[in-house]
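*Asks:* need a 3D model of the sequence below.
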Amino acid sequence: MEELRKKTNDSALVRWIVLVIVATAMMMGYFLNDIMSPLETLLEMPIEEGGLGWTSTDYGFFSGSGGLINVFLLMLFFSGLILDKMGVRFTGVLACSLMLIGVSIKYYAVTAPLAGESFNFNVLFWNVHLPLSAAVASLGFAIFGVGYEMCGITVSKAMVRWFTGHELALAMGIQLAMARLGTAAALSVSAPLARHFSLSAPLLLGLVCLLIGLVSFFIFCVLDIRLDKDERAIQSSILAAHSEEDDQFHLRDIGLILKSPGFWLITLFVVLFYSAVSPFLKFATRLMIDKYAVAPDIAGFFTSIVPFGTILMTPLFGSVYDKYGRGVTLIIIGTGMLTLVHFGFSLPIHASAFAIVLMVMLSIGFSLTPAALWPIVPKIMPLKCLGTAYSLIFFIQNFGRAIIPMFVGKANETDPTYTAGMQIFACTGLAGVLVAVAMLYLDKKIGYGLEKPNIKN
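*Replies:* Numbering: from 1, shown residues only. The predicted model follows:
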């Protein structure tokens, strides 16, 4: 079966073309996900000075709103079912379309005359009072978040589909590097665009980028159809019954996922790790300005050290995992560095050089961990239910990504030194280290092969 599988994607040139095309769509999504992160100070300026009059709490709610529909309406879970039932082509086009709709709503929130209006509603037991512009922007971000997460699991499954038995960790590392390039671009250009043009200028640029991502995914669909034809030819061989058993997803396979102890450890780790990274980047620009006295126009460049560093290092560490293994070990080292960085940011040190050193360390940790993390999931879950497994991981992850920014936003409002907020991130990272150690123990007990190389001779 392995030899037959290679015949469908044995062309290295075609594999890497597919990688670049699909990763481009994901890169545009990452660009839009952080396009408003460097604009916190501008959004909180008075309306008469060109801002929207938001508070830190308003911005914290907006930052966490990207996961609201995914978490509370279970949309991310259903995204995985759609992916495994409908395939990567349908799901990818749907994801890009939802991102486009969400960004359009955010653009309206920033440009429409909504000043002075307010909006009140309840989230669980939390009474939320927001300016109407923040409420509409949060709605747009929530819709965007559905497409964003759907795109993430779709691209991940596409990489496994095309690169299993080949350079899977390297491919996922390059995919992540391109995604970080989108994040770095957003953190670098957003504030200068907004200051020299208008608050809506970065979002307008983002709309154009998403159109490029949608077109690129259509090109991928053409190549993936060719792969389907090859696989159908293989299924007509004497191994057809085996192929059908491997490829067909059924709802009962959800039980296979939920019974896996490896799945639950990876899920818990993802929640902790990304809750200590992604929300931090949304507050990092303001942190650079207030605590380290960095000029607002270049504060975004300080923050962009993290994604820019991962652009080169993530593929490098992915290649190391492909050739030499030690996936969980890389995860433990990277998460340990992340924890030390957040403890460093909580210290009463205000030198900008110290902040740069911490950002460089964070970029290394943020390269090590994801380079090994995502390629180990296919070692635990079969391809037929991989989309649902990824969606469940991301669904549970969104609880952390939705809640942590709201707590940190409130902490920063009551503690302007940022000590409390950074300690929240640091404790989250430390818990991630402990879970990764448990993952290493489980691998030795069950034998998933998480420490073994990915490339098969």
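*Asks:* so what's residue 58 closest to, chain neighbours aside?
*Replies:* Leaving out its chain neighbours, the residue that sits closest to residue 58 by Cβ to Cβ, 6 or more residues apart in numbering is residue 134, at 4.6 Å. From N, CA and C alone the C-beta is placed, and that goes for glycine too.
*Asks:* what about the one you found, which helix or strand?
*Replies:* If you go by DSSP states H and E, residue 134 is part of helix 132-163.
*Asks:* got it, and residue 129?
*Replies:* Residue 129 belongs to strand 126-131, assigned by DSSP H and E.
*Asks:* can you give me how far stretch 348-367 is from the chain middle?
*Replies:* Offset of stretch 348-367 from its chain centre (Cα atoms, centre = their mean, to the nearest Å): 21 Å.
*Asks:* which helix in this protein has the most residues?
*Replies:* Longest helix in the chain, counting residues (DSSP state H): helix 75-111.
*Asks:* which helices and strands does it pack with?
*Replies:* helix 12-33, helix 68-72, helix 132-163, helix 201-235, helix 386-414 (3 or more Cβ pairs under 8 Å, 6 or more residues apart in numbering; DSSP states H and E).
*Asks:* right, so these: which one is the most enclosed?
*Replies:* Most buried of the helices and strands packed on helix 75-111, by mean neighbour count (mean count of other Cβ atoms under 10 Å): helix 132-163, with a mean of 25.
*Asks:* how far off centre is it?
*Replies:* Put simply, helix 132-163 sits 9 Å off its chain's centre (Cα atoms, centre = their mean).
*Asks:* quick one: residue 277 and residue 338 touch, right?
*Replies:* Yes - with contacts counted by Cβ atoms under 8 Å, residue 277 reaches residue 338, the gap being 6.7 Å.
*Asks:* element containing residue 273, please.
*Replies:* Applying DSSP H and E, one finds residue 273 within helix 261-275.
*Asks:* quick one: contacts of that helix?
*Replies:* 257, 331, 335, 338, 369, 373, 376-377, 380-381, 389, 392-394, 396-397, 399-401, 404, 425, 428-429, 431-432, 435-436, 438-439, 442-443, 446, 448 (Cβ atoms under 8 Å, 6 or more residues apart in numbering).
*Asks:* now do the helices in the stretch 351-457 of the chain.
*Replies:* In the stretch 351-457 of the chain, the helices defined using DSSP state H, counting those that start in this stretch lie at 352-380, 386-414, 419-446.
*Asks:* low pLDDT regions in the protein?
*Replies:* 1-10, 113-118, 120-126, 128, 231, 234-247, 402, 456-457 (pLDDT under 70).
*Asks:* run the last query once more with 50
*Replies:* Residue ranges of the chain with pLDDT under 50: 1-5, 7, 238-245.
*Asks:* related to what we said a few turns ago, buried residues in the longest helix of the chain?
*Replies:* 75-84, 87-89, 91-96, 98-100, 102-110 (16 or more other Cβ atoms under 10 Å).
*Asks:* any idea how far residue 273 lies from residue 365?
*Replies:* 9 Å (Cβ to Cβ, to the nearest Å).
*Asks:* what touches both of the two?
*Replies:* 335, 338.
*Asks:* got a list of what the residue lying closest to residue 82 once chain neighbours are set aside touches?
*Replies:* In space, and not counting its chain neighbours, residue 82 is closest to residue 91: 5.5 Å by Cβ to Cβ, 6+ apart. By Cβ under 8 Å, 6+ apart, the contact list for residue 91 reads 79, 82-83, 150, 154, 387.
*Asks:* about what we covered before: so who does the residue nearest to residue 58 touch?
*Replies:* Here residue 134 is in contact with 52, 54, 58-59, 61-62, 109, 119 (criterion: Cβ under 8 Å, 6+ apart).
*Asks:* do that again at 10 Å, thanks
*Replies:* By Cβ atoms under 10 Å, 6 or more residues apart in numbering, residue 134 lies in contact with 43, 52-55, 57-59, 61-62, 65, 109, 114, 118-119, 128.
*Asks:* residue 119 too?
*Replies:* 128-136, 138-139.
*Asks:* could you find the closest non-adjacent residue to it?
*Replies:* Closest to residue 119 by Cβ to Cβ, 6+ apart is residue 135, at 3.8 Å.
*Asks:* thought that neighbour was touching residue 109?
*Replies:* Yes - using Cβ atoms under 10 Å, residue 135 is in contact with residue 109, at 8.1 Å.
*Asks:* list residues touching both of the two?
*Replies:* With Cβ under 10 Å, 6+ apart, residue 135 and residue 109 have common neighbours residue 62.
*Asks:* how distant is stretch 202-217 from the center of its chain?
*Replies:* In terms of Cα atoms, centre = their mean, the centre of stretch 202-217 is found 18 Å from the chain centre.
*Asks:* ok, residue 455 to residue 177 distance?
*Replies:* For residue 455 relative to residue 177 (Cβ to Cβ), the value is 19 Å.
*Asks:* what about those two, which has more around it?
*Replies:* residue 177 (24 against 16; other Cβ atoms under 10 Å).
*Asks:* helix or strand for the more buried one, just tell me which one.
*Replies:* Counting by DSSP H and E, residue 177 is part of helix 168-196.
*Asks:* and that helix, what's buried?
*Replies:* For helix 168-196, burial by neighbour count (16+ other Cβ under 10 Å) applies to 168-195.
*Asks:* what is it packed up against?
*Replies:* The elements that helix 168-196 packs onto, with contact taken as 3 or more Cβ pairs under 10 Å, 6 or more residues apart in numbering; DSSP states H and E, are helix 12-33, helix 40-43, helix 132-163, helix 201-235, helix 278-292, helix 296-303, helix 305-324, helix 352-380.
*Asks:* residue 343: which of those is closest?
*Replies:* Distance to residue 343, taken as Cβ to Cβ, is lowest for helix 352-380 among those, at 9.6 Å.
*Asks:* that older thread, out of the contacts of residue 134, which sit inside helices?
*Replies:* Among those, the members falling in helices (DSSP H) are 43, 57-59, 61-62, 109.
*Asks:* off-centre distance for the longest helix of the chain?
*Replies:* 14 Å.
*Asks:* could you check the angle helix 12-33 makes with it?
*Replies:* 50 degrees (axes from the mean of the first three to the mean of the last three Cα atoms, to 10 degrees).
*Asks:* quick one: contacts for the residue lying closest to residue 387 once chain neighbours are set aside?
*Replies:* Leaving out its chain neighbours, the residue that sits closest to residue 387 by Cβ to Cβ, 6+ apart is residue 83, at 3.4 Å. Taking Cβ under 10 Å, 6+ apart, we find residue 83 in contact with 90-92, 94-95, 150, 153-154, 156-158, 249, 386-388, 390-391.
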